[in-house]
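Colleague: Fold the following for me, if possible:
(2 chains)
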Amino acid sequence: MIAELGHYALVLALALALIQSTSPVIGARKGDFALMKLADSTALAQFGFVALSFAALTACYVMSDFSVANVYENSHTQMPLIYKFTSVWGNHEGSMLLWVLILSLFGALVAAFGSNLPATLKANVLAVQSWVASAFYLFILFTSNPFRRLAEVPAEGRDLNPILQDFGLAVHPPMLYLGYVGFSIAFSFAVAALIEGRIDAAWARWVRPWTLLAWMCLTVGIAMGSYWAYYELGWGGWWFWDPVENASLMPWLAGTALLHSAVVMEKRNALKVWTILLAILTFSLSLIGTFLVRSGVLTSVHTFSTDPARGLFILLILCVFIGGSLALFAWRAPLLKQGGLFAPISRESALVFNNLFLATACATVFVGTLYPLVLEALTGDKISVGAPFFNLTFGPLFVPLLIAVPFGPLLAWKRGDLYGVAQRLLAAFAVAMVGLAATFAFAGVKAVFAPFGVGLALFVMAGAVTDIAERVDLRSLSPETIGRRAAGLPRSAWGTAVAHFALGITLLGIVSASTWGSERIVALKPSQTVSISGYDLSFDGMVVRDGSNYRETAAHFTVRKAGAVIGIMEPSKRTFPSRDGMSTTEAALLTRGVSQVYLSLGDNNADGSIAVRLYHKPLVLMIWLGAVVMALGGALSLSDRRLRIGAPKPAARLLAQPAE
Amino acid sequence: MVWNVRVLLLGLALFAAAPVHAVQVDEILPDPVLEQRAREISHDLRCMVCQNQSIDDSEAPLARDLRLLVRERLKAGDSDSQVVDFMVARYGEFVLLKPRMSWHTAVLWGAPLTILIAGLFAIGFSVLRRPAGAAVSETARLSEAERLKLDAIQRSQGL
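Modeller: Predicted structure coming up:
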């Protein structure tokens, strides 16, 4: 009964979405406020029904209702309660339901909090949002129904894939989807602006908070995914340039570019056409990411052709939305008047530079990810494009970008003084040089790039500090002035500095963990000791114990540093009888500051020894810490008064004169 | 979405065999220099039954075979490039994670620089199209109506 309720709620959401797809557009055309207003109610109701549908599926999981095929395939009665919740989206059908839940959530948020938007813009935005929603409701209802019943009810479920039975599943997919789907708002605003043929600085001000919110979630989502892969997969890598990872990195790069170009548009009324295009591209990349992962085209072309319905359906959605919006762009963009001009050396130009390199990096990832697929389809040649390619191309594109980061915020709008800015960055440059020299001195010349990496990271961080120091007039040395100016500084300025500083944190982590990390692969017998980077790990013996739905064999290690016990580590292997004895390895992590000792188990050998892989990863946590701080910077910026209050004045004026 | 395919993949790998780790103890060569070279070569070779994993990272039995093969060739005195050539001759270019420069990868390798240069040109053109001196005399004067409106706004705000 509950499953049918959920199914029915989803159908009702589709019906509402179809209404919302049409009536507000007609209303906006005819200047009919009642029709435009309808979108608010339908957007809220749509979210209500999708939430009901999602709650229904969750209820089926929590109650272990195995008559529902989706629950039978992905759940188990013995599974801990938290995984019963998270397994709702730990499968294709459920994750698509999460996708539309978030999509309708964003629609509802615009309806609820967009009261300062011009009525026609709001109506059009909600309509476009609903086009996307309708397409995905249809996709779920026709090809991926999570509420399908089984004729015979099995007594026990097949359990969730053990690798997904992790806290990571509770955070990673929802955050990633909040990011992916959050960009749909920017997309809807862009398409709505094109439909209206009008766009101004206020538009950028309305779009920015939504983009910022999506970007923050995506940042945290990607970081969480990376950390999860790091500890779950057992060989200590944290980024693999896997097509699935690239699928999430592309919208992030485009979204980052969008955040920056929207600033130019908001402040200077320039880069309008480009910002619109970026908004379209960012969400298009999110859709492509969804297609790549959901259609199975990546795993192999074979998967795609054995179950073509889903793949083709998403491909169709992709073509309609990307093709449609780009066509609309080509048609309407020339109508948009270009605004404020600027000199080649100016804040605007710095942001154009940022966009150029981010867009190129994004395009590089795009080409690298899709090239093998396209080449195979065209010529039948099979090639691989993996980490070495991306490291070689992506790295050099990011270096100039990072060098430019400290300059951007210090340059003046319209016409900047590069020489003056360089002088103000002297201190930051000195910090970088000292870091570089010190790294050379300590680490030697073996790893040539590492000292430069450290120097660059310090330059970015010190540059962010310089930005704030300049703004609060640190040189005045008067605590009163500094305090007053620091308090008066807009939050967005703090946000910028914090996010830029965080880039340096991440870079430092990447350089350190990949250059000075060490690895030991050894076979150990009980009471033997293995050492790495000053840590001595003695193997005490094996422990076998039962978990909720698995049996675990753990190796007990005591970790000592200079003779003193500093902790225990228990890497383990878990076997899941419910999944035909499928097993997972659980690495043990010992965190010291922001560095980690990483231990994971290999095979048991005939002579009673066990194989272990042991890593020391110096500063590795800074990689993800940087991402979290970056998102915090976004949050600071989001709390800026300017964005919270919006732009009521033009809204009031435009309300009085609906578009012709 | 990282979890998805990776999971699928690992699932398959784990079903195929008991969990075998990437580089195992018995594979490691006694000569650390040779072993280091083997590791570096392995990083750039693909485990063909996995998705986008190097043989150095992969748990699949095939990856182990390839790792052993790389080490055998090194022990036999091959240079790094000879080992790679040997693998390509045997398994095709699919085995390389970093595709070689050739006609059919020209677009791939050329893409980053081409896009960057094209972007620079696009920016250059949009700058050139501007009226000369526009950047300086950019703030247009207010029209009379706008000025009156501004005065009214300022008055209403008590400025």
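Colleague: List the buried residues of whichever strand or helix holds residue A:284.
Modeller: For residue A:284, the element it lies in under DSSP states H and E is helix A:272-294. Residues of helix A:272-294 classed as buried: A:272-294 (neighbour count, 16 or more other C-beta atoms under 10 Å in any protein chain shown). The way it works is simple: take the backbone N, C-alpha and C, and place the C-beta from them, glycine included.
Colleague: Give me the domain ranges for the chain.
Modeller: Assuming you mean chain A. Under the assignment automatic domain parsing, the domains of chain A span A:1-160, A:166-372, A:518-617.
Colleague: Switch to chain B, please.
Modeller: B:2-95, B:103-156.
Colleague: Pretty sure residue A:237 sits against residue A:228.
Modeller: No: using C-beta atoms under 8 Å, residue A:237 and residue A:228 do not qualify as a contacting pair, with a distance of 12.0 Å.
Colleague: So between these two, which is more surrounded?
Modeller: More crowded of residue A:237 and residue A:228, by other C-beta atoms under 10 Å in any protein chain shown: residue A:228, with 22 against 17.
Colleague: Who's the closest spatial neighbour of that one, skipping the chain neighbours?
Modeller: With C-beta to C-beta, 6 or more residues apart in numbering or on different chains as the criterion, residue A:228 has its nearest non-adjacent residue at 3.4 Å, and that residue is residue A:168.
Colleague: any low-confidence regions in chain B?
Modeller: Applying pLDDT under 70 to chain B flags the ranges B:1-22, B:128-143, B:157-159.
Colleague: Got phi/psi on the closest residue to chain A within it?
Modeller: Of all residues in chain B, residue B:97 sits closest to chain A, at 3.0 Å by C-beta to the nearest C-beta. Residue B:97 adopts backbone torsions of phi -80, psi -20, taken as degrees, to the nearest 10.
Colleague: what's the answer for residue A:44, then?
Modeller: Torsion angles, degrees, to the nearest 10, at residue A:44: phi -70, psi -40.
Colleague: for it, what are its contacts?
Modeller: Neighbouring residues of residue A:44 by C-beta atoms under 8 Å, 6 or more residues apart in numbering or on different chains: A:108, A:111, A:112.
Colleague: Return the distance of it relative to chain B.
Modeller: The gap separating residue A:44 from chain B is 29 Å, by C-beta to the nearest C-beta, to the nearest Å.
Colleague: Distance of the residue positioned nearest the centre of chain B relative to residue A:393?
Modeller: Geometric centre of chain B, nearest residue: residue B:98, 9.3 Å, by C-alpha atoms, centre = their mean. Residue B:98 sits 10 Å away from residue A:393, going by C-beta to C-beta, to the nearest Å.
Colleague: Kindly report the residues of the stretch 101-250 of chain A close to chain B.
Modeller: With C-beta under 8 Å from any C-beta of the partner chain as the criterion, the stretch 101-250 of chain A comes near chain B at residues A:161, A:163-164, A:168-169, A:172-173, A:176, A:225-226, A:228-229, A:233-235, A:237, A:240-245, A:247-248.
Colleague: mind checking the SS state of residue B:59?
Modeller: For residue B:59, the secondary structure call by DSSP: H, G, I helix; E, B strand; the rest coil comes out as coil.
Colleague: For it, grab the count of nearby residues.
Modeller: Neighbour count of residue B:59, defined by other C-beta under 10 Å: 25.
Colleague: With residue A:115 instead?
Modeller: By other C-beta under 10 Å, the residues close to residue A:115 number 11.
Colleague: and it, what pLDDT?
Modeller: Residue A:115 is assigned 84 on the pLDDT scale.
Colleague: Just the element for residue 109, please.
Modeller: Unless you meant another one, I'm taking chain A. Residue-wise, residue A:109 maps onto helix A:92-113 under DSSP H and E.
Colleague: try chain B instead
Modeller: Counting by DSSP H and E, residue B:109 is part of helix B:106-128.
Colleague: Name the residues that touch that helix?
Modeller: Applying C-beta under 8 Å, 6+ apart, the contact partners of helix B:106-128 are A:344, A:352, A:356-357, A:359-360, A:363-364, A:367-368, A:371, A:385, A:389, A:393, A:396-397, B:99, B:101.
Colleague: returning to that earlier point: name the nearest of the contacts of residue A:44 relative to chain B.
Modeller: Distance to chain B, by C-beta to the nearest C-beta, is smallest for residue A:108 among the contacts of residue A:44, at 24.0 Å.
Colleague: residues near the residue nearest to the closest one when sequence neighbours are not counted, how many?
Modeller: What sits nearest to residue A:108 in space, not counting adjacent residues and going by C-beta to C-beta, 6+ apart, is residue A:47, at 3.7 Å. In terms of burial, residue A:47 registers 25 neighbours under the definition other C-beta under 10 Å.
Colleague: and if you look at the one 10 residues further on?
Modeller: Using other C-beta under 10 Å, residue A:57 has 27 other residues around it.
Colleague: separation between it and residue A:145?
Modeller: Distance of residue A:57 to residue A:145, computed by C-beta to C-beta: 11 Å.
Colleague: ok, now residue B:114?
Modeller: 45 Å.
Colleague: For residue B:31, grab the count of nearby residues.
Modeller: 12.
Colleague: residues in contact with it?
Modeller: Taking C-beta under 8 Å, 6+ apart as the definition, residue B:31 has no contacts.
Colleague: what's the angle between the helix holding residue A:109 and helix A:272-294?
Modeller: Between the axes of helix A:92-113 and helix A:272-294, defined by axes from the mean of the first three to the mean of the last three C-alpha atoms, to 10 degrees, the angle is 150 degrees.
Colleague: just checking, what packs against helix A:92-113?
Modeller: Packing partners of helix A:92-113 (3 or more C-beta pairs under 8 Å, 6 or more residues apart in numbering or on different chains; DSSP states H and E): helix A:2-30, helix A:33-62, helix A:69-74, helix A:119-143, helix A:168-196, helix A:272-294.
Colleague: Let me have those in CSV, extended by mean pLDDT.
Modeller: Output for the helices and strands packed on helix A:92-113, formatted as CSV (pLDDT from 0 to 100):
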stretch, mean pLDDT
helix A:2-30, 94
helix A:33-62, 94
helix A:69-74, 91
helix A:119-143, 94
helix A:168-196, 92
helix A:272-294, 89
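Colleague: Those helices into TSV, with extra columns for distance to residue A:334?
Modeller: Below are the helices and strands packed on helix A:92-113 laid out as TSV (distance: least, C-beta to C-beta, whole Å):
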stretch	distance to residue A:334
helix A:2-30	21
helix A:33-62	27
helix A:69-74	48
helix A:119-143	19
helix A:168-196	11
helix A:272-294	8
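Colleague: Helices of the stretch 201-350 of chain A, start to end?
Modeller: With helices called from DSSP state H, counting those that start in this stretch, the stretch 201-350 of chain A shows them at A:201-232, A:243-268, A:272-294, A:301-306, A:308-318, A:324-332, A:347-379.
Colleague: Can you name the residue of chain A nearest chain B?
Modeller: For chain A, C-beta to the nearest C-beta, closest residue to chain B: residue A:386, 3.0 Å.
Colleague: Could you check how far the nearest residue to that residue once chain neighbours are set aside is from residue A:465?
Modeller: Leaving out its chain neighbours, the residue that sits closest to residue A:386 by C-beta to C-beta, 6+ apart is residue B:97, at 3.0 Å. According to C-beta to C-beta, residue B:97 and residue A:465 sit 39 Å apart.
Colleague: now swap in residue A:130 and tell me
Modeller: Counting by C-beta to C-beta, the gap from residue A:130 to residue A:465 is 45 Å.
Colleague: who's more crowded, those two?
Modeller: Taking other C-beta under 10 Å, residue A:130 and residue A:465 do not tie; residue A:130 has more neighbours (29 against 18).
Colleague: Give me the neighbour count for residue 118.
Modeller: All of this is about chain A. 25.
Colleague: wrong one, I was asking about chain B
Modeller: When neighbours are counted by other C-beta under 10 Å, residue B:118 comes out with 13.
Colleague: Please pick the buried ones from the contacts of residue A:44.
Modeller: Neighbour counting by 16+ other C-beta under 10 Å classes A:108, A:111 among the contacts of residue A:44 as buried.
Colleague: Using JSON lines, lay out the contacts of residue A:44 together with pLDDT and distance to residue A:489.
Modeller: Shown next, in JSON lines, are the contacts of residue A:44 (pLDDT from 0 to 100; distance: C-beta to C-beta, whole Å):
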{"residue": "A:108", "pLDDT": "95", "distance to residue A:489": "33"}
{"residue": "A:111", "pLDDT": "93", "distance to residue A:489": "33"}
{"residue": "A:112", "pLDDT": "92", "distance to residue A:489": "30"}
